[in-house]
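Asks: generate coordinates for the sequence data below:
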Amino acid sequence: MGEILLVSITGDQGINKGTGRPLIPEELRAENLAALDFVDWVHIEHRPTAQELLEEVRPDVYVKGREYEHNSDPRFRREREAVERHGGRVVFSSGDVVFSSTALINAMEQSVDPFHQRLTQLMGTTELQGAELFSLLGRVRGKRVVVVGETILDTYVLCDRPDVAGESPVMTLRPLENRHYDGGAAIIARHAASLGARPILITALDDSEQSRAFRARMVADGVEVRSILSRTSMPEKQRFLVGAQKVMKLDLVEPYVLDESEHDLLLRLASDAARSGGGCDAAIVADFGLGLMTPATLGRMCRGLRPHVGTLSGDVSGRRSSLSSMRSMDLLCPSESEAREAFRLHSEGLPMVTWRLLEETASRAAIVTMGPEGLIAFDRLARPGDTGEGWANRLKAEHVPSMTPYAVDPLGCGDALLTMATLSLAAGGSLLASAFLGACAASCQAQRIGNVPISATDVRQTVVRVHNAHLTYATPEVIHSPARAALRAS
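Replies: Numbering: from 1, shown residues only. Predicted structure coming up:
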């Protein structure tokens, strides 16, 4: 109908339909329209009607929805008169489907999604307000943390679409590109450095060009590396991807075989790092089941670090890891399957399994991850050795839903959560606040391919996204709270 298309939208301040309106803010509405090739200009109109704009632009054609064709509203009548007075014409179109924000909001209000309801409830707690979480993130900077565990090279082999081999019905892959990521304890240390902490990585490295390049890379990222000399090369785990879909995993892993003197050296390196400078704020022990730490060594490691660190945390990965050997921990971060497997409790309730874990290890708290269902933070209400009425009255549990409905790549989410939660506890945060920030870090990781360090900025952006989501439109006391204003200002 013309050569230039100008689309006018009503500004946010002109939409007075209640709390949480408009559902989509003016900037996003304008950007989405401007992204369409056939839209030349987008104008955000802050005046009550388009009459003044029409007087200024004097369009040849003014298009309105069909719902206005028989509309006697005096505001629209004045708009029509302004167009026709300057020789233009009014056309009624685009009215076959009416997109109603009001109908969408009403449908959301009737939603019984428990995850959304739980997030809304969490956003109302004082310790999860934006200003409180940002302050906690700020206090992480400069914390000294020791990270102990195996260094793993995660290789992603990006392949062309699979085919079927001619000689037999087996899948054929054609590699296009290899991407290498630091994994295992190395990515935990890199997360810590990216979040502003000062990590020391205690690991095993061989005398190879690959290990020297790894050490230089870690130092460049702000990670101090102290290692024992290994007789085996760096473990590598290859994952073959077609698009974003993993189709095969290949473990190029030769387990570590350490003698007693090498175990002693590993323990001494970790203890010296923890004691240096008058003690560390935190220590993270990660057992990936590759033989660097036997169950006995793992127990000695925890006992040796305990007197010299403020917050001691740990996690495991792999069937040969030993969760039950971690002792006197402030925080354990297993998945539900890892916690159940550690004690062969596959049918019991998760609170009972977690109580058994905390009792057996004499630990204070656990964050148990459950994949797309989020996590549950369990805190002891009784000291180790106390007698009481059983686990049901001695555990406090807080569920934090997953903030990522679809994970692009779940690899490394647990490492990001463990690092963020540990540093939050070391900075004086509550278990709930630490679990929430850990969930934010895991959400960031889940949206990326491969192990990429999570920064404080990434976590802050996730906090803002969750707080600003219109999941909370039904609770105006949350939306208009001072902490919400602080989030907007940030």
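Asks: run a quick neighbour tally on Glu3.
Replies: Residues lying near Glu3 (other C-beta atoms under 10 Å) number 6. For every residue, glycine as well, the C-beta is placed using N, CA and C.
Asks: need the three-state assignment for it.
Replies: The local conformation at Glu3, judged by DSSP: H, G, I helix; E, B strand; the rest coil, is coil.
Asks: for it, phi and psi?
Replies: When read as degrees, to the nearest 10, the backbone of Glu3 gives phi -100, psi -30.
Asks: that one and Leu201, how far apart?
Replies: Glu3 sits 63 Å away from Leu201, going by C-beta to C-beta, to the nearest Å.
Asks: and what of Asp272?
Replies: Taken as C-beta to C-beta, the span from Asp272 to Leu201 is 14 Å.
Asks: more crowded one of those two?
Replies: With neighbours defined as other C-beta under 10 Å, Asp272 and Leu201 compare such that Leu201 has more, 29 against 14.
Asks: which SSE is that one in?
Replies: Leu201 is located in strand 198-205, with elements delineated by DSSP states H and E.
Asks: partners of that strand, with directions?
Replies: Strand 198-205 has the following strand partners under DSSP bridges: strand 144-149 (parallel), strand 224-229 (parallel).
Asks: now the element after that strand, going C-ward?
Replies: Counting by DSSP H and E, the element after strand 198-205 in chain order, helix or strand, is helix 209-220.
Asks: tilt between that following helix and strand 224-229?
Replies: Relative orientation of helix 209-220 and strand 224-229, computed by axes from the mean of the first three to the mean of the last three C-alpha atoms, to 10 degrees: 160 degrees.
Asks: for helix 209-220, which positions count as buried?
Replies: Residues 211, 214-215, 218 are the ones in helix 209-220 that count as buried (16 or more other C-beta atoms under 10 Å).
Asks: dump the residue contacts of Arg327.
Replies: Residues near Arg327 by C-beta atoms under 8 Å, 6 or more residues apart in numbering: 299, 302-303, 306, 361-363.
Asks: would JSON lines of these with pLDDT be doable?
Replies: Below are these laid out as JSON lines (pLDDT from 0 to 100):
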{"residue": "Gly299", "pLDDT": "94"}
{"residue": "Cys302", "pLDDT": "95"}
{"residue": "Arg303", "pLDDT": "94"}
{"residue": "Arg306", "pLDDT": "95"}
{"residue": "Thr361", "pLDDT": "94"}
{"residue": "Ala362", "pLDDT": "93"}
{"residue": "Ser363", "pLDDT": "95"}
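Asks: among these, which are in helices?
Replies: In helices, defined here by DSSP state H, the members of the contacts of Arg327 are 299, 302-303, 361.
Asks: residue contacts, Ala421?
Replies: For Ala421, the contacting residues are 313, 331, 333, 367, 434-435, 437-438, by C-beta under 8 Å, 6+ apart.
Asks: can you redo the buried residues of helix 209-220 as a markdown table with distance to Asn178?
Replies: Below are these laid out as a markdown table (distance: C-beta to C-beta, whole Å):
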| residue | distance to Asn178 |
| --- | --- |
| Ser211 | 19 |
| Phe214 | 16 |
| Arg215 | 21 |
| Met218 | 20 |
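Asks: closest to Lys64 out of these?
Replies: The shortest approach to Lys64 among the buried residues of helix 209-220 belongs to Met218, at 62.0 Å (C-beta to C-beta).
Asks: that older thread, looking at the buried residues of helix 209-220, which is nearest Leu176?
Replies: Comparing those against Leu176 with C-beta to C-beta places Phe214 closest, at 24.6 Å.
Asks: just to check, the closest one is in contact with Asp206?
Replies: No: with contact defined as C-beta atoms under 8 Å, Phe214 does not count as touching Asp206 (10.3 Å).
Asks: now for those two: what residues contact both?
Replies: By C-beta under 8 Å, 6+ apart, the residues touching both Phe214 and Asp206 are Met234.
Asks: Glu254 contacts Arg231, correct?
Replies: No: contact status for Glu254 versus Arg231: not in contact, 9.2 Å apart, counting by C-beta under 8 Å.
Asks: in stretch 234-254, what counts as buried?
Replies: For stretch 234-254, the buried set under the neighbour-count rule, 16+ other C-beta under 10 Å, comprises 234-242, 253.
Asks: before I go, just wanted to say thanks for your time.
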